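Visitor: How does the following fold in three dimensions:
(one chain, ligands or ions: 1)
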Amino acid sequence: MQAYDVLHPRGALAGTTVMIRLHIHPDNTDSLFALAERISGDFDPGFFTVYLKEVGSYGGRRDGGYAVYGEQDLRLDEVKHRLAALLPGFARPDQPGQVAVCYAGKANAFTIRADGSIGKCTLALNSDYNRVGQLNPDGTLTLDAPKFGAWLHGLSTMDPADLGCPAHRVAQQAKRTARPRLAMAG
Ligand code: SF4
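Guide: From the prediction side, this is the model:
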């Protein structure tokens, strides 16, 4: 919130919003309810929105080592319902019928890590191609333009695949550019 406190009074955040993404799994529901109460009490719903997303098993090394809700699990619906009730005004309405656009492919969406590094995709957290800049102590951003720009490819092609999951193309591109360097090192 330090950057918010600095930038908001200056009007530097006018016209922007921040989406807070809350990850849900069977072991964190109580802490999420407490967090939702704090967000509702302390945050401005005109600036912050909340996106509820269940943790899933996406094929990583730790799959199976932590609890997740199944797709049809009614308990997940109940948790989401309770969280939505605790967060009036913060929920983003679903927009059926529109082309799915991942936030990672939007120019104004950033993932801020605990160390201040900036990414785009919330799955490829340990991939270098997903490290596109740094949040500075004064609230400004330093971005690596070529790495950041690679995530926005879908905005020029309007290809649903690029818009829906830009990570696929960015990962492929990173592999292609990494190969010559590896060949030279060997
Ligand atoms: S870029 Fe793809 S993998 Fe990453 S958050 Fe978006 S949809 Fe998920």
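
Visitor: Domain boundaries for the protein, per the record?
Guide: Here the domain parsing of the chain from automatic domain parsing is 2-86, 103-185.

Visitor: Pick the most buried one from the ones you listed.
Guide: Using mean count of other CB atoms under 10 Å, the stretch among the domains of the chain with the largest mean neighbour count is domain 103-185, at a mean of 15. From N, CA and C alone the C-beta is placed, and that goes for glycine too.

Visitor: Give me the mean pLDDT for stretch 70-86.
Guide: Confidence for stretch 70-86, expressed as mean pLDDT, is 88.

Visitor: so which of the domains of the chain gets nearest the ligand?
Guide: domain 103-185 (3.2 Å; CB to the nearest ligand atom).

Visitor: The closest one vs the ligand: in contact?
Guide: Yes. Domain 103-185 is in contact with the ligand by CB under 6 Å from any ligand atom, via 104, 121-123, 165-167.

Visitor: wait, which of those residues is closest to residue 16?
Guide: Of all the residues of domain 103-185 next to the ligand, residue 16 sits closest to residue 104, with 17.2 Å by CB to CB.

Visitor: Distance check, that closest one against residue 130.
Guide: Distance from residue 104 to residue 130, counting by CB to CB, to the nearest Å: 8 Å.

Visitor: got the contact list for the residue lying closest to residue 101 once chain neighbours are set aside?
Guide: Nearest non-adjacent residue to residue 101, counting by CB to CB, 6 or more residues apart in numbering: residue 163, 4.7 Å away. When contacts are counted by CB atoms under 8 Å, 6 or more residues apart in numbering, residue 163 touches 99-102, 105, 154-155.

Visitor: can you list those residues in CSV and add secondary structure and pLDDT?
Guide: Output for the contacts of residue 163, formatted as CSV (DSSP: H, G, I helix; E, B strand; the rest coil; pLDDT from 0 to 100):
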residue, secondary structure, pLDDT
99, coil, 68
100, coil, 73
101, coil, 83
102, coil, 88
105, helix, 94
154, helix, 93
155, helix, 92
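
Visitor: May I ask which two of the residues you listed are separated the most?
Guide: The two members of these with the most space between them (CB to CB) are 100 and 155, at 14.3 Å.

Visitor: hey, where'd the strands end up in the chain?
Guide: 18-24, 48-54, 111-112, 117-119, 133-135, 141-143 (DSSP state E).

Visitor: Can you give the distance of the first one from its chain's centre?
Guide: Centroid displacement of strand 18-24 relative to its chain, using CA atoms, centre = their mean, to the nearest Å, is 8 Å.

Visitor: What strands flank that strand, and is each parallel or antiparallel?
Guide: strand 48-54 (parallel) (DSSP bridges).
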